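Student: predicted model follows, preceded by the sequence.
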Amino acid sequence: MSVRGDSGTWVNILHSLSAEAEDLLFELNDPALTRVLPEEKDVASWSKLRELFECQALPGSDLLVERFAPAFAGFSLGGVPVLDVRPRNWKERSKVAIYMHGGGFALYSAASTLGRAALIADDTDLRVISVDYALAPPATFEEIRNQVVTVFRALLSDGYRPADTVMVGDSSGGALVVAVILELCNLGPGLPAAAVLISPSIDFVPAKSTAETSRASFVTERSIAETAGEKEPRLSRPTTSIAADFSKGFSPTLIQGSKKELLLSQFFGLYRALDLAGVAVELDLYEGMPQGFQFRSPDALESKLARQKIRDFVLFWLAREVSSERNGRAMRGISNVAGKKSGKNPRQAAEFTVPRHPWKNSLNARGTT
C-alpha cells in the first residue's frame, strides 16, 4: 500500500502495521514539499520560519499535555532556560531525566515540544528537565552543547548524583545527548546512568575531521538532498561523529527508531561504534514507522512497545546504579573481613564479573521486543 501526494507516490505503508500507524502515515506531509532553509544570516526569515514551525507543533504538543496532565514550570538552571515537567502522582524525587528536543538545532523549543517531555515523564514516572537551548543560527553547536552541560552541573549542585540522571533526545536532540556525554567524559563530573536516543541524527554531512568546529549547525532532510553533491555544503553540521572515541567511557545507551528512516545506516554505525568500545548498547528498530512515531501516535501498538522499552531501559539502569552502590558497600565490607581472615588484599578478595548486557534478560522477561 502507498500514499500518493501532489508529487506522486512517496511513502509505502506495510499491511502488517497497526491501524493507528497506518492512519499516522496517511496524514504525513510529503517531505519533498519541505521549505528550503533561509540563508544563515537572514535573521528575519529564520524568525518567520521558527514561528511557523512552533505554530504547527503546538496543537499536537497540547494534545499530549492535556492527556498526560503534568505539572510544569519554566525557570533557568545555571542561566539556561528550562521547563521542569513532573508527571502525575510524582513520587520518584531522587531521579531526573534531561530531555533535548529535535529540530536540527534550528527549530522548535521546549515549549513546542512540551508534549513529548510530558509523555516521557508519564512513561518513566520521572521529573523531566527539558532544555530550551539557544538555536542556530546564530548559536554554534559548542554553545548549545555547553548549555546542556551547564544544566547537568546545576542539577548536581542541587543534590542529584550523575547516577541519578538519564538523558533523552530525539532527532538532533539525540546527537546532542551523545555530544554532551562525550564532553562530560572530558570534564570528569560523572556520567548519566543511561542515554536514550530516539532517531538520533548523527553525521549528516561527512566531516573532513572528527573534531568539532565552531560553525553553526543546522540541517533538514531537504538540505541534505540539496548539499549531497556539493564539495562544500552551504550549511555545515559538525556535530558528534560516529568516529568519536567512545572507549573513554559512555553511558548505557538505547538507540530507537524505524527501518524506514533516512539515517538508518547511522543508527547501525553508532551502535557498532558503541558496541566495539564496550559500551552497553541496544538497537531497537520498528517496521514501517515514521520518525518520532512514539510521540506522533502514542497509542499505536508499535509506539506502545517502543515506549515500554524506553521505560524498562531507563528504570533498569537507574535501579542498577542504586543496586551497584549498595552491593559495592556490601562487597567492600565483606572483602575487608575476608581480607583480614585470609591475609589477602581486600581488593583481590572482592573481584567479580558483571554480565556485559544484563538488562536484556530483564526486558525480555517483560515481553518487549
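Tutor: On my side now, so go ahead.

Student: just the element for residue 97, please.
Tutor: With secondary structure defined by DSSP states H and E, residue 97 is part of strand 92-100.

Student: adjacent strands (with direction) for that strand?
Tutor: Applying DSSP bridges to the sheet, strand 92-100 is found paired with strand 126-131 (parallel), strand 165-170 (parallel).

Student: may I see those arranged in CSV, with distance to residue 283 as well?
Tutor: Where C-beta positions appear, they are placed from N, C-alpha and C, glycine not excepted. What follows is the strands paired with strand 92-100, written out as CSV (distance: least, Cβ to Cβ, whole Å):
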stretch, distance to residue 283
strand 126-131, 23
strand 165-170, 16
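
Student: ok so, going back, what does the strand holding residue 97 contact?
Tutor: Applying Cβ atoms under 8 Å, 6 or more residues apart in numbering, the set of residues contacting strand 92-100 from outside is 85, 116-117, 120-121, 124-131, 133, 148, 151-152, 155, 160, 164-170, 173-174, 176-177, 180, 192, 314, 318.

Student: what do you get for stretch 112-120?
Tutor: Residues from elsewhere that reach stretch 112-120, judged by Cβ under 8 Å, 6+ apart: 53-54, 57-58, 60-65, 68, 70, 72, 83, 85, 87, 97, 99, 101-102, 110, 126, 128, 130, 168, 170, 294-295, 298, 307, 310.

Student: for PyMOL, write the selection for the buried entries among those residues.
Tutor: Buried residues within these, as defined by 16 or more other Cβ atoms under 10 Å, are selected in PyMOL through the command that follows:
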select buried, resi 53+54+57+58+61+64+65+68+70+72+83+85+87+97+99+101+102+110+126+128+130+168+170+294+295+298+307+310
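
Student: among the contacts of stretch 112-120, which are located in helices?
Tutor: Cross-referencing the contacts of stretch 112-120 with the helices (criterion: DSSP state H) gives 53-54, 57-58, 60-65, 68, 294-295, 307, 310 as the overlap.

Student: which element follows the helix or strand where residue 272 lies toward the C-terminus?
Tutor: Counting by DSSP H and E, the secondary-structure element that holds residue 272 is helix 264-276. For helix 264-276, the succeeding helix or strand toward the C-terminus, using DSSP H and E, is strand 281-286.

Student: give the pairing partners of that next one; include direction for each.
Tutor: Sheet neighbours of strand 281-286, with direction, are listed as strand 253-258 (parallel) (DSSP bridges).

Student: so where's the stretch 201-350 of the chain uncertain?
Tutor: Residues of the stretch 201-350 of the chain that meet the criterion pLDDT under 70 lie in 203-241, 321-350.

Student: related to what we said a few turns ago, adding mean pLDDT and distance to residue 36, write the strands paired with strand 92-100 out as TSV.
Tutor: As requested, these are arranged in TSV below (pLDDT from 0 to 100; distance: least, Cβ to Cβ, whole Å):
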stretch	mean pLDDT	distance to residue 36
strand 126-131	98	28
strand 165-170	98	23
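
Student: residue 37: which of those strands is closest?
Tutor: If you check each of the strands paired with strand 92-100 against residue 37 by Cβ to Cβ, strand 165-170 wins as the nearest, at 19.9 Å.

Student: now the helix or strand just after the closest one against helix 264-276, angle please.
Tutor: Once the chain leaves strand 165-170, the next helix or strand it forms, by DSSP H and E, is helix 172-187. What separates the directions of helix 172-187 and helix 264-276 is an angle of 30 degrees, with axes from the mean of the first three to the mean of the last three Cα atoms, to 10 degrees.
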